[in-house]
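**Student:** fold the following.
(chains A, B and C)
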Amino acid sequence: MSETIPAPRTYLNIDRLAISALALVLLGAPLALSNTYQLNVLVLMAVNAILATGLAIVIRADRLSLAQASFGGVGGYTTGILTTAHGVPFWLALPVGGLLAAMIGILLGLISLRLRGFYFAIATFTFSQLAIVILRAWTPVTGGMSGMFGLPYPAGFLGFDFSDPRQYYYLVLAALFLVVLIYGACSFATSFGRGLTLLGEDEVLATTLGVPATRYRLVAFALSSGIGGIGGAFSAHFIQGVSPSDIAPVVSVFILVMVLAGGTKTLVGPILGAIILTMVPELLRASAQWSMVFYGVFLLLYVYFFRDGLLPIVKSVFHRATGQRFVPGPSAREAALIAAVAEGRPTALQISDETPIIAFEDVGCQFGSLKVLQGLNWQVRTGCINGLIGPNGAGKTTFFNVLTGVASVAEGLVRWHGRPVSPVPGEMVRRGMSRTFQHARVFDNTSVAEAILLAAELSRREVPLGQLGWLLRFFELEGVALKRGRALSHYERRLTSIAMAMASMPELLLLDEPLAGLDDTETQRLSDMIARLHKITGTTILLIEHKLSEVMELCAILTVLDDGRIIAAGTPKQVSTNEAVIEAYLGNE
Amino acid sequence: MQLFMQQIVNGLMLGGMFTLISIGLSLMFGIMKVANFAYGALYMLGGYAAYWASSLLGVPNWFAILVAFAATFLLGVIIEKFGFARFRGNEEATLIFGLGVALIARGGAVLAWGSQSRFFPVSFNAYHIGGIVLPAARFWAAVASVVIVICVYLIVNRTKWGRIIRAVSDNPERASLAGFNTQLQYLLTAGLATGLTGVAAVLLIPVFSLSPAVDDSALYTAMTVVILGGLGSISGCIVGGFILGIVTAIAFGYLPSPIAPAVPLLVLILTLAFKPEGLFGSRDRVV
Amino acid sequence: MSNIPILSLEKVESRVFGAVKLAGVSIEVHSGELVSILGANGAGKTSLLGVIAGLYRPSAGKIRLEGQDITGLSPHRISRLGIGFAPQNHPIFGSLTVAESLDLGRPNSRVDLPKLFPNLFAKHKQRAASLSGGERQMLSMAIAIQNDPKICIFDEPSSGLAPKIVSQVFAAIAAMVDAGITVLMVEQNARAALRHANRAYVMEHGAIVAGGLAADLAKDDQIRRAYLGM
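**Tutor:** Below is the predicted model:
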């Protein structure tokens, strides 16, 4: 039943290998080069790495920004103006530049992040045009079309002299290191980062688990643009000048290509992308136009062939050449959860509040002119498995969508423990209500163990690790604990999605057609599991199902929906002998 | 007052032309639900096709328009077949594909033809009506633009083919079940949309000149008009075009020229901030 | 009159991700008949129509339209060869008006549309998205009978409709059959379907478990068991 969980030390972690190799190369590079031109390119590449890593933060949130170079321009111009016209030292001007870029990012984000992805792309594209117009027009301050010159090198300290390209390079590298730390925080090291990653994988599921999409994207974009500003400042003070042509939209697209080339799946992906796409045109001595064509071709190759970045291709080539497969062992978190499986104990829910968990009062819902639900008066029976049944098109999924806030109420009230509430998808998890979806949604790139941990974390409800370990054991998922969502069978996906919903220890669990797509054996097994789950944890369950023989066995109480109205409610025996119900299912004469 | 009326008239002529620049994008958005970032590049390439046909082969202007139409129609069919059709449903991939094509087109154009601006021989006639000056080239370009856009409106809304492509756009699976070859319809619509873009470029080169760099301004102008008017609405595209035209003309008429270009850019940003669905669009396509 | 069935399925099988959706299904529909496919949710009715329509390829078996093999052809080809489909979900073109929806092909030569669907004609300038559920089903059927198809296939025409509207829908279907249009319909509403159909098949777990004259099946307890699980 459960396979052996791989021991962490047996497998090589290619990501750590790649990062170490990269660090060595980056640190050693200036020592191997002596030509000033080459050193200049090196610094440029390091600056690009900063811009790319910053941009990657917002790309992971599933939004494409076409303005990263413009934020670099904001940073460069700000520090340029402060240092030349106002005598502010570079080290003071730098954070100001970054902050201003971040604030403009927030403004732009407030306007466009709540909209569909393409609007954000167009908004950033337009902003980059606008930035050029403003910088060209504001001649007294920005130097107009020709830009600014004579930007000073950053003041040296501790014997460092930043007019030396090598030392400037190490300075930028130090900044890059900090930026990578921030990127790490936004990817996996913080709760925010983990939520952001899930948002990029499956927005609907992430939102249901409690990730506030727009708010997180705003923070991601602010960080992204702020880092852009910092990178731009370093660039400007190295070449000692900044002009509007540095921030043409096409430059922002170049930075985007770097991020896509390296991929956002690893920490150093953007850096790799920056290296490849800065070096290759240099090595080919490509003109600006040929570089443009090269980048364009690269984008097309990306979108046709390697949307996960180049690293997976490198890995598979390596695998084919050496026969070695690099599979990372479990992360510390995953290992901890797996360790908790043996000792895990379930915690039964304490029912403190006797008022009905959730209730409908005259609720109606419509899509356009179509009335999908009408005059619903209903409450869930606490401490039972409740069933919601009815013929196709009766409105059962809309019923769930109204409960969870995906569909809005046109009339009537939804009450949570007596108090009227306007359900919002992410919030209901915090209150104690989770749901699964008809289509067994899981995160394709996240392991089962990690997904359960994240579901608990995102709900902001205190859930002991032992509880989660028990869930993993209860749903018989230890054997696939480290498998990513996309490698799971349909049955395993179903189990995982229910485990994720239970991870927040909800008062009320909504299951949308949990038995759909399962064969007879699986249907029986899952049915039994649901019954035992309810018995052990005391969670109230409401399920929609079409497999009526299972429903009759599982549920203590049934509500029958037909044509948007409740036509019967009662025990399975009462409901199955109810004339109106029989007519609804078998049809009227 | 005179200056104001002149700007309004300028704005109307500009608006007509903006509408023509945008109609192709409106069709791609509305019917094919595609965010085509290669749009500006197609405009630019259409212009060059006509320019070379006219100056190298010495064909008359009206033939150059046909050449532009044919060239961009073909390009549109190719990028639909090998690009957008593959990435249908994946917004990010569609965007990146468009960007890739745009970069190759822009870089390639400069390599092939240099970055200098090209001009068509243009008459410097102007009509004078009641003290208002209407340069002939602009005037006729604007009139032709409006006529073409109205024809497109009529084709989409009053012909059988228009009904078919609207049905395909609305519900591709149902359209398939009703006997329509959705792939073919998408190809034809893409071809028509980009063909119109080529025609726009030819008609408007005399007014806006031609260089590889026009792709950016064509792109954000078209995007602004389409978003302002509402995605998928041709009448929105017309109204949006005229509004943008008038706003732009007034901006260039009254503000110093370095600042004036900011105004049409702000129109897009303000639209997104306050009414992202545009004048005639529906809210559910936005969020 | 030829004895070749208008539509025949021969041992059609279909799998989705390894799970069996259709297990050796064989059915026939003859000219002028109204045949109904009955069964509970998940029985395989939708998969059956999907395979006939060409939305997915069966893993085994053949589908013939008047003897011609149409297995695996694309949906629009199959439609052009003479099958008029009215699907269950998203049955209409919301942004077209009623009149425009009915002008996508040649009007059916056997029926008088305004007489068949009077309420639709009263609203012919309205956008289809503003129609009620029952009106949408009627419009979908009206779209399906354009171009004089050899057979019409309706997927759960009464789904989600109030009883009064259901009888209107069935009356319209009966009128079509009277005018000589052949109809195959998948229906959840077993009683009404059996009242109007000539013949019916009952499906369970992707296979046909019963078939025959509608009148005979109406008396059979198997139906009740298949639907209510008891």
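**Student:** identify the residue of chain C closest to chain A, quick one.
**Tutor:** Nearest residue of chain C to chain A: C:Gly160, at 2.6 Å (CB to the nearest CB). C-beta: built from backbone N, CA, C; applies to glycine.
**Student:** SS state for the residue nearest to A:Ser187 when sequence neighbours are not counted?
**Tutor:** Spatial nearest neighbour of A:Ser187, excluding adjacent residues (CB to CB, 6 or more residues apart in numbering or on different chains): A:Gly193 at 4.9 Å. Three-state assignment for A:Gly193 (DSSP: H, G, I helix; E, B strand; the rest coil): helix.
**Student:** my guess is A:Gly193 contacts A:Ile182. True?
**Tutor:** No - using CB atoms under 8 Å, A:Gly193 is not in contact with A:Ile182, being 9.6 Å away.
**Student:** which pLDDT does the model give the most centrally placed residue in chain C?
**Tutor:** The residue lying closest to the centre of chain C (CA atoms, centre = their mean) is C:Phe154, at 2.1 Å. C:Phe154 carries a pLDDT score of 95 in this model.
**Student:** hmm, A:Ser191 is touching A:Ser459, no?
**Tutor:** No - with contact defined as CB under 8 Å, A:Ser191 does not reach A:Ser459; the gap is 11.2 Å.
**Student:** more neighbours: those two, which one.
**Tutor:** Neighbours were counted for A:Ser191 and for A:Ser459 using other CB atoms under 10 Å in any protein chain shown; A:Ser459 has more, 24 against 12.
**Student:** quick one, what contacts the more buried one?
**Tutor:** A:Ser459 makes contact with A:Leu209, A:Gly210, A:Val429, A:Arg430, A:Ser434, A:Ala503, A:Ser504 under the criterion CB atoms under 8 Å, 6 or more residues apart in numbering or on different chains.
**Student:** buried only: go through these for me.
**Tutor:** Taking 16 or more other CB atoms under 10 Å in any protein chain shown as the criterion, what is buried in the contacts of A:Ser459 is A:Leu209, A:Gly210, A:Val429, A:Ser434, A:Ala503, A:Ser504.
**Student:** gap between the second one and chain C?
**Tutor:** A:Gly210 sits 30 Å away from chain C when distances are taken as CB to the nearest CB, to the nearest Å.
**Student:** quick check on that residue: phi, psi?
**Tutor:** With angles defined as degrees, to the nearest 10, A:Gly210 sits at phi 120, psi 10.
**Student:** and it, what is it in contact with?
**Tutor:** Contacts of A:Gly210 by CB under 8 Å, 6+ apart are A:Gly195, A:Gly426, A:Glu427, A:Val429, A:Arg430, A:Leu458, A:Ser459, A:Arg460.
**Student:** Serialize the residues you listed to a markdown table and add fields for distance to B:Ile31 and pLDDT.
**Tutor:** Putting the contacts of A:Gly210 into a markdown table (distance: CB to CB, whole Å; pLDDT from 0 to 100) gives the following:
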| residue | distance to B:Ile31 | pLDDT |
| --- | --- | --- |
| A:Gly195 | 37 | 93 |
| A:Gly426 | 35 | 81 |
| A:Glu427 | 38 | 87 |
| A:Val429 | 39 | 91 |
| A:Arg430 | 42 | 90 |
| A:Leu458 | 39 | 92 |
| A:Ser459 | 43 | 91 |
| A:Arg460 | 44 | 89 |
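**Student:** returning to what we had before: got CSV for the buried ones among the contacts of A:Ser459, with secondary structure too?
**Tutor:** What follows is the buried ones among the contacts of A:Ser459, written out as CSV (three-state DSSP):
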residue, secondary structure
A:Leu209, helix
A:Gly210, coil
A:Val429, helix
A:Ser434, strand
A:Ala503, coil
A:Ser504, coil
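**Student:** okay, now residue 222: neighbour count?
**Tutor:** Using chain A here. 22.
**Student:** actually it's chain B I care about, not the one you picked
**Tutor:** Quick note: B:Ala222 (other CB under 10 Å) scores 29 neighbours.
**Student:** so it belongs to a strand, correct?
**Tutor:** No - in this structure, B:Ala222 is helix, not part of a strand, as judged by three-state DSSP.
**Student:** mind listing what it touches?
**Tutor:** Contact analysis of B:Ala222 by CB under 8 Å, 6+ apart lists B:Ile21, B:Ser22, B:Gly24, B:Leu25, B:Tyr39, B:Gly40, B:Tyr43.
**Student:** 6 Å instead, please
**Tutor:** B:Ile21, B:Ser22, B:Leu25, B:Tyr39 (CB atoms under 6 Å, 6 or more residues apart in numbering or on different chains).
**Student:** which one of those has the most neighbours?
**Tutor:** B:Ser22 (33 neighbours).
**Student:** so what does the helix or strand containing that one touch, helix or strand wise?
**Tutor:** B:Ser22 is part of helix B:2-30 when elements are defined by DSSP states H and E. When contacts are defined as 3 or more CB pairs under 6 Å, 6 or more residues apart in numbering or on different chains; DSSP states H and E, helix B:2-30 sits against helix B:136-158, helix B:182-208, helix B:214-229, helix B:234-254.
**Student:** from these, which stretch is densest packed?
**Tutor:** helix B:214-229 (a mean of 26; mean count of other CB atoms under 10 Å in any protein chain shown).
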